[in-house]
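[1] Sequence and predicted model, in that order:
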Amino acid sequence: MPADWSDLRVFLTLAREGSLTAAARQLDVSHPTVARRIKALEDSIGARLFDRLPDRFVLTSAGEELLTDVKAMDRAAESIHRRSAGLSDTVHGTVRLSADEAMADFIARHLPRIRHGRKCVEIELVASHQLANLSRREADLMIRQDVPEVAGIVTRKLGRTAHAVYARPDLVPSDPSPDTLRAQPWIGFDEAHVYMPGQRWMMALLDGLRPAVRVNNWLLLREAARTGSGLAVLPCFMGDADPWLHRIGPPIEEAHTEQWLLVHRDLRVLPRIRGVMDAIVALFQAERMVVEGRAAVVAVAAAAE
């Protein structure tokens, strides 16, 4: 009897995860269900696919051979799933966009502009630090500051984003020298997120001391700065637009990041996705002064005149 594809998917997940618990979590089924489906697959094929060790499942030689074919089947299934989006009405439908929470906040502010003339397109905006799997259509588009080395991904550079120091007006020091800034209370990211832009600059300024308040996302960082918990490094498009915050000094040169728009090559030609891509590119072009942190400087200069 030919193996059932659903059982083969369970096999593939267990081979990737290495344990029943992790596989069950990925598949959103129970632990016994995974064990039962693997036993059914082994009975169907007539070979043992895994060695059951105390702490993990390890593929047998038969399992290794089957894995090669199942991976090819999985890639084909993913391709069919992606391409099926183009078999229906390609003007109507949903476009899923993933970005970190700061960039998602920026996009959310400009959704009317992005959807202008595209009311037949629904947009799902997801704020996440994690890379969505574009091959599996966990997202149709992603905005990221790094380009992952993933096959089949097409990228387009959106622009350069600036970061600067912000604080509630009553916490802004009259002397923004490094010694004065070092003496102020600071808010930053926790250890798992020290890779965020501006964090290494802040740690160097603090001479290795950790900020007194630590968070794990940009929105919490902004809210903590608003409430007066301390100074924080924020994207300029976030800090300059906030009436509760004041910028301290120019953008931090070493905290600039490049923003990229990512799409799977199979999806970039779909009209609804192409339309949203073009709208995002146009948005970054129109808001270039804002994302580069130059809009506030121009506004101050104009007010002075």
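    Looks like it came in fine.
[2] Which residue, other than its chain neighbours, is closest to L181?
    The shortest distance from L181 to any non-neighbouring residue, by C-beta to C-beta, 6 or more residues apart in numbering, is to L205 (6.2 Å). In this view, the C-beta of every residue, glycine as well, is placed from N, C-alpha and C.
[3] State the distance from the one you found to R168.
    The spacing between L205 and R168, counted by C-beta to C-beta, to the nearest Å, is 19 Å.
[4] Break this protein into its domains for me.
    Following the TED database, one finds the domains of the chain at 5-83, 93-298.
[5] any chance of those domains in CSV, with mean neighbour count and mean pLDDT too?
    Written out in CSV, the entries for the domains of the chain read as follows (neighbours: other C-beta atoms under 10 Å; pLDDT from 0 to 100):
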stretch, mean neighbour count, mean pLDDT
domain 5-83, 15, 84
domain 93-298, 17, 92
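[6] what ranges do the strands span in the stretch 51-200 of the chain?
    In the stretch 51-200 of the chain, the segments counted as strands under DSSP state E, counting those that start in this stretch are 57-59, 93-99, 121-127, 141-144, 153-161, 163-167, 187-189.
[7] Same question for the stretch 201-305 of the chain.
    Using DSSP E, counting those that start in this stretch, strands in the stretch 201-305 of the chain cover 213-215, 232-235, 246-248, 257-264.
[8] export those to a markdown table and tack on distance to S128?
    As requested, the strands of the stretch 201-305 of the chain are exported to a markdown table (distance: least, C-beta to C-beta, whole Å):
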| stretch | distance to S128 |
| --- | --- |
| strand 213-215 | 16 |
| strand 232-235 | 17 |
| strand 246-248 | 27 |
| strand 257-264 | 13 |
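[9] And the helices in the stretch 201-305 of the chain, which stretches?
    Counting by DSSP state H, counting those that start in this stretch, the stretch 201-305 of the chain forms helices over residues 218-226, 236-239, 271-286, 288-291, 295-304, given from the N-terminal end onward.
[10] Give me the nearest residue to L234, chain neighbours excluded.
    The nearest residue in space to L234 (C-beta to C-beta, 6+ apart) is Y166, at 5.0 Å.
[11] Might you report the residue contacts of the one you found?
    With contacts taken as C-beta atoms under 8 Å, 6 or more residues apart in numbering, Y166 has the following neighbours: A225, L231, A232, V233, L234, G239, D242, L245, H246, R247, I248.
[12] quick one: the second one and P185 touch, right?
    Put plainly, it is L231. Yes. Contact criterion C-beta atoms under 8 Å: L231 and P185 qualify, at 7.0 Å.
[13] list residues touching both of the two?
    Common neighbours of L231 and P185, counting by C-beta under 8 Å, 6+ apart, are L171.
[14] And the helices in the stretch 51-200 of the chain?
    Per DSSP H, counting those that start in this stretch, the stretch 51-200 of the chain has helices spanning 61-83, 101-109, 111-115, 178-182, 199-205. These are given in chain order.
[15] Figure out which of those helices is closest to L270.
    Each of the helices of the stretch 51-200 of the chain was checked against L270 via C-beta to C-beta, and the shortest separation belongs to helix 61-83, namely 9.6 Å.
[16] hmm, who's touching stretch 13-20?
    Under the criterion C-beta under 8 Å, 6+ apart, residues 23, 26-27, 31, 34-35, 38, 50, 55-59, 63, 67, 70 lie in contact with stretch 13-20.
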